[in-house]
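Student: Take a look and give me a structure for this.
(chains A and B)
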Amino acid sequence: KAGVTQTPRYLIKTRGQQVTLSCSPISGHRSVSWYQQTPGQGLQFLFEYFSETQRNKGNFPGRFSGRQFSNSRSEMNVSTLELGDSALYLCASSPYGGARYGYTFGSGTRLTVV
Amino acid sequence: AQTVTQSQPEMSVQEAETVTLSCTYDTSESDYYLFWYKQPPSRQMILVIRQEAYKQQNATENRFSVNFQKAAKSFSLKISDSQLGDAAMYFCAYKGNNDMRFGAGTRLTVKP
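Tutor: Sure thing, here's the model as predicted:
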C-alpha cells in the first residue's frame, strides 16, 4: 500500500510569488491535514479536509488556503509569499480524521522563500 | 487550549541502554488520544506509539512503551535496548476534538 505522497520535495520561490503544494493520501483515506514545521514555531496546524470540505482551520492568515478533490488528493496554496513562510510543510492522511484510526504523514515539502 | 510540553530539548543514550522521554499536556477534555512520533532526517513523521485516554493500561510496541499518568497529565516514552536507528527527533502529540497539537520535540542521540 503506497504511503502519503507529497510533491514536490523541495521548492525555492521568490518573495511575493505564490506556490501550490500537493498531497496524495493513502488510498481509501478521506481526511487530509496540513502542518507547517519551522525551527522557531515547531509544528503548527494549518487545516484539515474531509470529503472535499474544510473541517478545521488553524490560525494562519488568509494567504494560506487549501482544497481537496473528489479523489481525496489535496493541495495547499500560499499566495504573496513572505520570507517567514520558509518551512517544511507536512501533510497527514487518515481514514476519517479521528485519532482512533491514526494519522500517516508524508515526507513533506521543503519550501524556501528568497 | 490544549498544550503539549516536552521539557527535554536533547537527550542522549548509550546503545543497548534505556532512555525515557518526558511529555506533559494540558487539557480540559476527557476523551483524547496521545501519540509519540519519530522524525528522522528523512523528515517523515513516523508513528511510534498511541495511547487512548480512556484506557488505563499503558501502550507497548516492542521496545517502546509509555507511562501514561492521566491525573498528572503526563505521557512519557521509554525506549529499551536503544539502537542506532532510534536516533531522531521525537514529538509528543495530543488529539482531542480539535486539531492535533505537538510538543517542541526532543532530539535523541544514540551513542555506539
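
Student: show me what contacts residue B:46?
Tutor: Residues in contact with residue B:46, defined by C-beta atoms under 8 Å, 6 or more residues apart in numbering or on different chains, are A:105, B:37-40. For every residue, glycine as well, the C-beta is placed using N, CA and C.

Student: Which pLDDT value goes with the residue nearest the centre of chain B?
Tutor: What sits nearest the mean C-alpha location of chain B, by C-alpha atoms, centre = their mean, is residue B:36, with 3.5 Å. For residue B:36, the pLDDT comes out at 97.

Student: Wasn't it part of a helix?
Tutor: No - applying DSSP: H, G, I helix; E, B strand; the rest coil, one finds residue B:36 to be strand, outside a helix.

Student: Now for the nearest residue to it once chain neighbours are set aside, how many residues are close by?
Tutor: Nearest non-adjacent residue to residue B:36, counting by C-beta to C-beta, 6 or more residues apart in numbering or on different chains: residue B:48, 4.3 Å away. Per other C-beta atoms under 10 Å in any protein chain shown, the neighbour tally for residue B:48 reads 22.

Student: Residue B:48 contacts residue B:77, doesn't it?
Tutor: Yes - using C-beta atoms under 8 Å, residue B:48 is in contact with residue B:77, at 7.0 Å.

Student: nearest residue to the residue at the greatest distance from the centre of chain B other than its sequence neighbours?
Tutor: Largest separation from the mean C-alpha position in chain B: residue B:112, at 22.7 Å (C-alpha atoms, centre = their mean). Nearest residue to residue B:112 in three dimensions, chain neighbours excluded: residue B:15, at 5.3 Å (C-beta to C-beta, 6+ apart).

Student: Could you do residue A:100 as well?
Tutor: Nearest to residue A:100 is residue B:33, by C-beta to C-beta, 6+ apart, at 7.3 Å.

Student: got the contact list for that neighbour?
Tutor: Residue B:33 is in contact with A:99-100, B:50-53, B:94-96, counting by C-beta under 8 Å, 6+ apart.

Student: neighbour-wise, which of those residues leads?
Tutor: Scoring those on neighbours with other C-beta under 10 Å, the highest-scoring entry is residue B:94 at 26 neighbours.

Student: how about that one, what does it touch?
Tutor: By C-beta under 8 Å, 6+ apart, the contact set of residue B:94 is B:2, B:4, B:25, B:27, B:32-35, B:100-101.

Student: doesn't residue A:17 make contact with residue A:11?
Tutor: No - between residue A:11 and residue A:17 no contact is recorded; they are 10.3 Å apart, counting by C-beta under 8 Å.

Student: Give me the distance between the closest residue to residue B:82 other than its chain neighbours and chain A.
Tutor: Once flanking residues are discounted, residue B:82 sits nearest to residue B:13: 4.7 Å by C-beta to C-beta, 6+ apart. Separation of residue B:13 from chain A (C-beta to the nearest C-beta, to the nearest Å): 23 Å.
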